[in-house]
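Engineer: let's see this in three dimensions:
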Amino acid sequence: MALDGHLDALKRKHGALESEISDMQARPAPDESRITRLKREKLRLKEQIERLSTQTTHH
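Structural biologist: Residues are numbered from 1 along each chain as shown. Sure thing, here's the model as predicted:
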């Protein structure tokens with residue numbers, strides 16, 4: 001199903017953002033504005049994942 005593939009891709013992106021955020025926060029002088037943007041993107045992906053997960057369980 002195409003939706004499952006899209007959901008998997010979103011989960012991979014979410015995980016990649018999580019890793020990138022962790023790496024940036026471990027630096028001596030992290031770029032806080034970039035971290036904030038990445039966190040917003042990660043949250044947007046999480047909401048999209050939850051929305052799609054709900055749709056697949058209700059069909």
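Engineer: so how far is A29 from the most centrally placed residue in the chain?
Structural biologist: Closest residue to the average C-alpha location of the chain: H14 at 2.4 Å, with Cα atoms, centre = their mean. Relative to A29, H14 is positioned 26 Å away (Cβ to Cβ, to the nearest Å). (Glycine included, C-beta is placed from N, CA and C.)
Engineer: what's near enough to touch the residue nearest to the centre of the chain?
Structural biologist: 42, 45-46, 49 (Cβ atoms under 8 Å, 6 or more residues apart in numbering).
Engineer: 10 Å instead, please
Structural biologist: Going by Cβ atoms under 10 Å, 6 or more residues apart in numbering, H14 touches 41-46, 48-49.
Engineer: helices - which of those land there?
Structural biologist: Counted as lying in helices by DSSP state H, out of those, are 41-46, 48-49.
Engineer: quick one: low-confidence residue ranges for the chain.
Structural biologist: 1, 58-59 (pLDDT under 70).
Engineer: so where do the helices sit in it?
Structural biologist: 2-25, 32-58.
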